[in-house]
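> No letters, just coordinates:
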DNA sequence: CGCTGTGTTGAGACGTCTCAAAGGAAGTGG
DNA sequence: CCACTTCCTTTGAGACGTCTCAACACAGCG
């Protein structure tokens, strides 16, 4: 992990009303009028270089962030040095919600590639969402979605075996790429095997072996970080036939 | 699991301003004035008998619930029949936040003992929190806290071994009992070994063995569901000395 | 071109699961 | 209140999956 965080503030003010990520992002489902008011809210954009952090555990919480370009991981650290990736975030997704509870962040958000986020000052968000019902509602949905997502991960970590976890991960990535207009079957992972492993509660070797196994069985074609899903149905079958485990 | 849900609606209207759980519940930190307005919001109380559900996955989302007495578990079901406990909730804690995102619940909430909740109609909550800044802020904190808590569980499931998980679980329970004015060292678990195991991603036998081991080592005294913590520092040490694992 | 970070593969160790049996607690109905 | 059933818990022995350690291959980058 690299040191602090050389941050570039981009003079450009973000504009939700003109952003092509609306359907994926906080403004989803809001009316035209409401959308225009959102533009008041969103502050400057901020560029984050690969491997640098958007915020770190312990930082004072001041804003949440919408990913405009690129991707991130979030991870938490235990006192003894162990750490775990708690999520991977893609364009349109919101970062920083963990900070609201204690007014300081509880995890690190690190860019997996050169990225750009829209800064949404939290005080302003609360203020505006008292006036704009649609915004309030969407914001609550975003938080709730995060909770539901986390439950899914808990399910995965608590009751699936290695290959099931990886299959679930790949299908999830595929679905999220699809939602962003990319191919459901072919994509480029931005994270390392180690990061995937940390997220899935596995060692990198186990992830690697599972990839190899999927390849042998003709489910996917793997070339480093480039993934092609050859048999999505087969991957789904892996998940449903409860392959034993806990 | 028992059938549907024989629910008793209690005529008593709940009153936050007079409830002794304020410091643990949604109203925490709100002003006297704000608190009085909260009383408009909270609907009737509802009693749920042991083993019966407050809501089930798929139910239309209409309200969130504050636990007034008793305790609950939440669990999610996978298509193949596997299920996993995603959390245990005690008095003052909020249930149902998962429902906001899709307007229908994504997990089951089941009473571990005869319990009572305050029903907080969600539409009203949104409405009132547009007027009462303190309420809005607290509600957001509650949701955020849930996200942070989930990350902790992911950490536990992804990177701890059996005994560490159980130690973390016991310390967490102890801390929550303490916050409710009970002894930090002696308490009664409401859930079975199987439910603990499901929550911790372990089989019930493994949970049982870990309990026995703790007892042998003089860390706790276990008699069925009655737990006495004899060496809290020892349990904490278990967590920090990274005992290997993933 | 060599360096460094990343990914693959193998063999053995270790932790948790599975299956099985039995004891104990709690609840039910006579 | 006791006998009965049922559920819950404990414990053991062996199976199985993932981890650990180690060596090597490969890609990207200066």
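Now that the structure is in, tell me what you want to look at. Computed from a prediction, not measured in an experiment: that's the story for all the values here.

> Now do the contacts for residue A:175.
Residues in contact with residue A:175 (Cβ atoms under 8 Å, 6 or more residues apart in numbering or on different chains) are residue A:184. From N, CA and C alone the C-beta is placed, and that goes for glycine too.

> run the last query once more with 10 Å
Neighbour list for residue A:175: A:184, A:232 [criterion: Cβ atoms under 10 Å, 6 or more residues apart in numbering or on different chains].

> What strand or helix carries it?
If you go by DSSP states H and E, residue A:175 is part of helix A:162-179.

> That helix near DNA strand D at all?
Yes. Using Cβ under 7 Å from any atom of the strand, we find that helix A:162-179 touches DNA strand D at A:162, A:163.

> what about that helix and DNA strand C, any contact?
No. For helix A:162-179, no contact with DNA strand C is found by Cβ under 7 Å from any atom of the strand; the gap never falls below 10.9 Å.

> Let me see the mean pLDDT of that helix.
Regarding helix A:162-179, the rounded mean pLDDT is 97.

> Quote the end-to-end distance of stretch A:154-167.
In stretch A:154-167, first residue to last residue: 15 Å (Cα to Cα, to the nearest Å).

> How about the residues of chain A by DNA strand D?
A:161, A:162, A:163, A:201, A:202, A:203, A:205, A:206, A:224, A:244, A:245.

> Now rank those by neighbours and give me the top one.
With neighbours defined as other Cβ atoms under 10 Å in any protein chain shown, the most crowded of the residues of chain A next to DNA strand D is residue A:201; it has 26 neighbours.

> Apart from its chain neighbours, what residue comes closest to the residue nearest to the spatial centre of chain A?
Nearest to the geometric centre of chain A sits residue A:89, at 1.5 Å (Cα atoms, centre = their mean). Spatial nearest neighbour of residue A:89, excluding adjacent residues (Cβ to Cβ, 6 or more residues apart in numbering or on different chains): residue A:72 at 4.6 Å.

> same check, this time on residue A:217
Here the residue nearest residue A:217, using Cβ to Cβ, 6+ apart, is residue A:234, at 7.4 Å.

> Now for that neighbour: which residues touch it?
Going by Cβ under 10 Å, 6+ apart, the list of residues near residue A:234 reads A:167, A:214, A:217, A:218, A:219, A:220.

> just how off-centre is the helix or strand it falls within within its chain?
Element membership for residue A:234 (DSSP H and E) is helix A:232-240. Distance, stretch centre to chain centre, for helix A:232-240: 23 Å (Cα atoms, centre = their mean, to the nearest Å).

> Pull out the buried residues from that helix.
Of all the residues in helix A:232-240, those buried under the rule 16 or more other Cβ atoms under 10 Å in any protein chain shown are A:232, A:235, A:238, A:239.

> what are the bridge partners for residue A:121, then?
Here residue A:121 sits in beta bridges with residue A:63, as judged by DSSP bridges.

> what's it in contact with, if anything?
Contacts for residue A:121 (Cβ under 10 Å, 6+ apart) come out as A:41, A:42, A:43, A:62, A:63, A:64, A:127, A:128.

> Tell me the one of those residues nearest chain B?
Nearest to chain B among the contacts of residue A:121 is residue A:127, at 8.6 Å by Cβ to the nearest Cβ.

> State the pLDDT value of residue A:12.
So, for residue A:12, pLDDT stands at 59.

> touching chain B at all, the top helix by length along chain A?
In chain A, assigned by DSSP state H, the helix with the most residues is helix A:133-159. Yes. Using Cβ under 10 Å from any Cβ of the partner chain, helix A:133-159 reaches chain B at A:133, A:136-137, A:139-159.

> returning to that earlier point: the residue nearest to the centre of chain A contacts residue A:65, correct?
Yes. Using Cβ atoms under 10 Å, residue A:89 is in contact with residue A:65, at 9.3 Å.

> Find residues that contact each of those two.
Common neighbours of residue A:89 and residue A:65 (Cβ under 10 Å, 6+ apart) are A:54, A:72, A:95, A:109, A:115, A:117.

> Now do the same contact list for the closest residue to the third one other than its chain neighbours.
Computed as Cβ to Cβ, 6+ apart, the closest residue to residue A:95 that is not its neighbour in sequence is residue A:65, at 4.4 Å. Taking Cβ under 10 Å, 6+ apart, we find residue A:65 in contact with A:43, A:45-46, A:48, A:54-55, A:72, A:89, A:93-97, A:109, A:115-120.

> what's the helix or strand for residue A:117?
Using DSSP H and E, the element containing residue A:117 is strand A:115-121.

> so that strand versus helix A:133-159, what angle?
Angle of strand A:115-121 versus helix A:133-159, following axes from the mean of the first three to the mean of the last three Cα atoms, to 10 degrees, is 120 degrees.

> Can you name the next helix or strand after strand A:115-121?
As assigned by DSSP H and E, the chain's next helix or strand after strand A:115-121 is helix A:122-131.

> average model confidence for that following helix?
Here the average pLDDT along helix A:122-131 is 96.

> Is any residue of it near chain B?
Yes. Counting by Cβ under 10 Å from any Cβ, chain B is contacted by helix A:122-131 at A:122, A:125, A:126, A:127, A:129, A:130, A:131.

> so what's residue A:83 bridging to?
residue A:77.

> got a list of what it touches?
A:1, A:57, A:75, A:76, A:77, A:107, A:108, A:198, B:155, B:158, B:159.

> how does it look with 7 Å?
Applying Cβ atoms under 7 Å, 6 or more residues apart in numbering or on different chains to residue A:83 gives the contacts A:75, A:76, A:77.

> Also residue A:226?
Applying Cβ under 7 Å, 6+ apart, the residues near residue A:226 are residue A:188.

> how does it look with 10 Å?
By Cβ under 10 Å, 6+ apart, the contact set of residue A:226 is A:186, A:187, A:188, A:189.

> neighbours of the last one, just the number please.
Translated: residue A:189. 19.

> which non-adjacent residue is nearest it?
residue A:225 (4.5 Å).

> tell me the phi and psi of the one you found?
Phi and psi for residue A:225, reported as degrees, to the nearest 10, are phi -90, psi 0.

> okay but it is in contact with residue A:186, surely?
No. The pair residue A:225 / residue A:186 is not scored as a contact, 11.9 Å apart, by Cβ under 10 Å.

> buried stuff in stretch A:124-143?
Across stretch A:124-143, burial judged by 16+ other Cβ under 10 Å covers A:125-126, A:128-130, A:132, A:134-143.

> How about stretch A:185-194 and DNA strand C, touching?
Yes. Applying Cβ under 7 Å from any atom of the strand, one finds that stretch A:185-194 is in contact with DNA strand C at A:192, A:193, A:194.

> Kindly write the PyMOL command that selects the buried subset of the residues you listed.
The PyMOL selection below is limited to those of those classed as buried (16+ other Cβ under 10 Å):
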select buried, chain A and resi 193
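
> Tell me the one among the residues of stretch A:185-194 next to DNA strand C nearest to residue B:24.
Each of the residues of stretch A:185-194 next to DNA strand C was scored against residue B:24 by Cβ to Cβ, and residue A:194 proved nearest at 39.6 Å.
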